[in-house]
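S.K.: This is a predicted model, with the sequence first.
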Amino acid sequence: MENRIENNLKSLSKTVLVNLPQDAQTFTLDEFVEMQSEWIAEESEKLKSKNYEVEGAVEDLIQTICSYQLD
């Protein structure tokens, strides 16, 4: 469980929120905004998915802790 949480959090922290082109290509402002809008839509879906995975792992961890029998 800990690895599920940690791996997903590492993946989330490496997410690039702005797609800056590496080549020398030029864009109009409208083209750049459109490109960023598409990139953000794709990345936000990935972030949402990872967020649900972390949430599920944390809930599983809480359930495991709560069900632990103390002597």
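M.R.: On my side now, so go ahead.

S.K.: C-alpha only now, for contacts and for neighbours.
M.R.: Will do.

S.K.: Now do the buried residues in whatever helix or strand residue 56 lives in.
M.R.: Under DSSP states H and E, the secondary-structure element containing residue 56 is helix 29-66. The neighbour-count check on helix 29-66 (16 or more other Cα atoms under 10 Å) flags 35-36, 40, 43, 47, 50-51, 53-54, 57-58 as buried.

S.K.: And the closest residue to residue 15 other than its chain neighbours, how close does it get to residue 36?
M.R.: Sequence neighbours aside, residue 43 is the residue nearest to residue 15 in space, at 7.5 Å (criterion: Cα to Cα, 6 or more residues apart in numbering). Computed as Cα to Cα, to the nearest Å, the residue 43 to residue 36 distance reads 10 Å.

S.K.: now swap in residue 57 and tell me
M.R.: 31 Å.

S.K.: Also residue 62?
M.R.: 38 Å.

S.K.: Repeat that for residue 26.
M.R.: Taken as Cα to Cα, the span from residue 26 to residue 36 is 14 Å.

S.K.: The helix or strand containing residue 4 - contacts with which helices or strands?
M.R.: In this assignment (DSSP H and E), residue 4 forms part of helix 2-13. Counting contacts by 3 or more Cα pairs under 8 Å, 6 or more residues apart in numbering; DSSP states H and E, helix 2-13 packs against helix 29-66.
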